[in-house]
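> Provided below for reference: sequence and predicted model.
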Amino acid sequence: MVSQAVPAGRPAGATASVPPAHADARLIEQSLAEPERFAGLFDRYAEEIHRYAARRLGPENVSAADDVTAETFLAAFRKRGRYDLARPDARPWLYGIAANLIGKHRRTELRRLRALARLAEPVHEPFEQRSHDRVDAEVLRPALAAALAALSRSERELFLLVAWAELSYEQAAQALGIPLGTVRSRLSRTRAKIRRVLEAAR
């Protein structure tokens, strides 16, 4: 289903050239006159966006992750005329669109997190910054699932963009359209909440 996000007009069997690092804005600009050029952005980021959506929604909801990925690139294609060309890297923009679409599946995500939380097991190590920065979604601990389920949508969205999508604070701010200071303060509060839940589970 992911392939349906490729804009029409790309020749059958053609391979779009992948732009050099951080040349996304140029590719988007070119696609305004040559729509088929936008397929290069899909080729570059579709797998990454799909992986993030699948982590959020769970391996049992592959079709939903497919839909989110396809809809992300269709929305990006339609909105490309409003893209800020001063930002060479389109990755935060794409994650912002994907995050909004995943938000429509928040009940699915919450059901998954709460189901994992019911498998509760003790956490023996303290929650630390390094634990937050590299959370492995494939082995999501029940206690961490409970902590994520307890967060507000905005807190969980920001936390996972940094932890799972590995966006920088600046990129997360761009993705969500919020000030950098808000990212820092919200993440600080979110980490404190997660720490309390994990420590209570020890």
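Ah, there it is. Numbers count the residues shown, from 1 in each chain.
> Okay, buried residues for stretch 105-112 please.
The neighbour-count check on stretch 105-112 (16 or more other Cβ atoms under 10 Å) flags 105, 108-109, 112 as buried. Using the backbone N, CA and C atoms, a C-beta is placed for each residue, glycine as well.
> Including distance to residue 67 and pLDDT, could the residues you listed go into TSV?
Below are these laid out as TSV (distance: Cβ to Cβ, whole Å; pLDDT from 0 to 100):
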residue	distance to residue 67	pLDDT
105	9	86
108	11	84
109	14	86
112	16	86
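> In CSV, list those residues along with distance to residue 180 and secondary structure.
Below are these laid out as CSV (distance: Cβ to Cβ, whole Å; DSSP: H, G, I helix; E, B strand; the rest coil):
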residue, distance to residue 180, secondary structure
105, 28, coil
108, 30, helix
109, 26, helix
112, 30, helix
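> so which of those comes closest to residue 39?
residue 105 (25.8 Å; Cβ to Cβ).
> which residues sit in contact with the closest one?
Counting by Cβ atoms under 8 Å, 6 or more residues apart in numbering, residue 105 makes contact with 56-57, 61, 64, 68.
> measure residue 80 to residue 141 for me?
39 Å (Cβ to Cβ, to the nearest Å).
> Pull out the buried positions in the lengthiest helix in the chain.
Ordering each helix of the chain by length in residues (DSSP state H) puts helix 180-200 first. For helix 180-200, the neighbour count (16+ other Cβ under 10 Å) marks 183, 186-187, 190-191, 193-195, 197-198 as buried.
> Which other helices and strands does that helix contact?
Contact here means 3 or more Cβ pairs under 8 Å, 6 or more residues apart in numbering; DSSP states H and E; on that basis helix 180-200 packs against helix 129-133, helix 142-150, helix 153-163, helix 169-176.
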